[in-house]
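> Quick one, fold the following:
(one chain, ligands or ions: 1)
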Amino acid sequence: MEKSSELQKIENFLKTDENIEINSKNFEKIMFIYKVAIKEIENKLDILKQESKIFYDNDLIDHINTRIKAPESITTKMKNKGLEYTYKEMIENINDIAGIRVICPLKKNVYSIRNLITNLPGIKILKEKDYIANPKKSGYSSYHMIIEVPVALSQNLVYVKVEIQIRTLAMDFWASIEHKMKYKPNKNITKANSKELIQCAKIINKLDNKMMLINN
Ligand code: 0O2
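Residues are numbered from 1 along each chain as shown. Next comes the predicted model:
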């Protein structure tokens, strides 16, 4: 087969109108493509991390975490969104199958990283949500980007969606603990606990602002 030079969607070369079968070859192929997309973008972010340190003596990025969404989390999210159980629906509507979290020391770093990602060649920005300027009701604070990354396979060039969450170390501390306590289903926490968590998120925000002032 000749390699197509056109960037295309995964849907165009895999049979994605089929129903999702978690243990099938098709599922494995799709997840492989998402894993490659993660590698591509993780590599680029790691270069930015090292470059900022070596060239500008700046710790722009503290660390980077990546994950592929668990099959059960994908199907639960699809059920909650009322989607049909096809690969096509999954690829089109579940934006965080490939997820990257970039953790930085200071709040201002979040926006610098966002701008650097925006300028990466070949990357398309599909959606951005600034939960730092507008935190969620829960108190959750983070900058979200849904991007499309070109992935070069032997026969095809495909665009793959990746979700990037950018947040400070302090925001990450809050989000990790809160996620364990409350975010996953079947975990009931009291209203009083929720209020306390919102209070903690406000303290974290103050702390982040103070750290930035001290740093300046
Ligand atoms: P998990 O287990 O982290 O994967 P979209 O379809 O992209 O428009 P989406 O994905 O429904 O919108 O919503 P959103 O809020 O933009 O991003 C969802 C992700 O943000 C979550 O993924 C969490 O990782 C994180 N998040 C959102 N709200 C909260 C919160 O209140 N607390 C914490 N700790 N994390 C939050 P998942 O798939 O829901 O979960």
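
> What is the longest helix seen in the chain packed up against?
In the chain, ranked by residue count with DSSP state H as the criterion, the top helix is helix 25-56. Based on contacts counted as 3 or more C-beta pairs under 8 Å, 6 or more residues apart in numbering; DSSP states H and E, the elements that helix 25-56 packs against are strand 63-68, helix 87-93, strand 98-104, helix 107-118, strand 143-152, strand 157-168. All C-beta atoms are positioned from the backbone trio N, CA, C, and that covers glycine.

> How about the first one, which residues are buried there?
This points to strand 63-68. With burial defined by 16 or more other C-beta atoms under 10 Å, the residues of strand 63-68 counted as buried are Ile64, Thr66, Ile68.

> Let me know the distance separating the last one from Ile38.
Ile68 is 7 Å from Ile38, where distance means C-beta to C-beta, to the nearest Å.

> residues shared between the contacts of the two?
Ala98, Gly99 (C-beta atoms under 8 Å, 6 or more residues apart in numbering).

> who in the chain is up against the ligand?
Applying C-beta under 6 Å from any ligand atom, one finds that the chain approaches the ligand through 69, 73, 77, 95-96, 129, 136, 138, 140, 144, 146, 175, 178-179, 183.

> In the chain, where is pLDDT below threshold?
When the per-residue scores of the chain are filtered using pLDDT under 70, the ranges that remain are 1-15, 183-187.

> ok, now with 80
Low-confidence regions of the chain, defined by pLDDT under 80, span residues 1-16, 182-188.

> List the buried residues of the helix or strand hosting Ile198.
Element membership of Ile198 [criterion: DSSP states H and E] is helix 191-215. Buried positions in helix 191-215, judged by neighbour count with 16+ other C-beta under 10 Å: Ser194, Leu197, Ile198, Ala201, Ile204, Asn205, Leu207, Asp208, Met211.

> There's contact between the last one and Leu106 in this structure, I believe.
Yes - Met211 sits in contact with Leu106 when judged by C-beta atoms under 8 Å, with a separation of 6.1 Å.

> What about Val158, how many residues nearby?
Val158 sits with 22 neighbouring residues when counted by other C-beta atoms under 10 Å.

> For it, list each beta-bridge partner.
For Val158, the beta-bridge partners under DSSP bridges are Gln8, Val151.

> What distance do you get for it to the ligand?
Look at Val158 and the ligand: by C-beta to the nearest ligand atom, to the nearest Å, they are 20 Å apart.

> do Thr190 as well
In this structure, Thr190 and the ligand are 16 Å apart, going by C-beta to the nearest ligand atom.

> Please report how far that residue lies from Lys182.
Thr190 sits 10 Å away from Lys182, taking C-beta to C-beta as the criterion.

> Mind checking which of these two has more residues around it?
For Thr190 versus Lys182, neighbours defined as other C-beta under 10 Å are more numerous around Lys182 (15 against 8).
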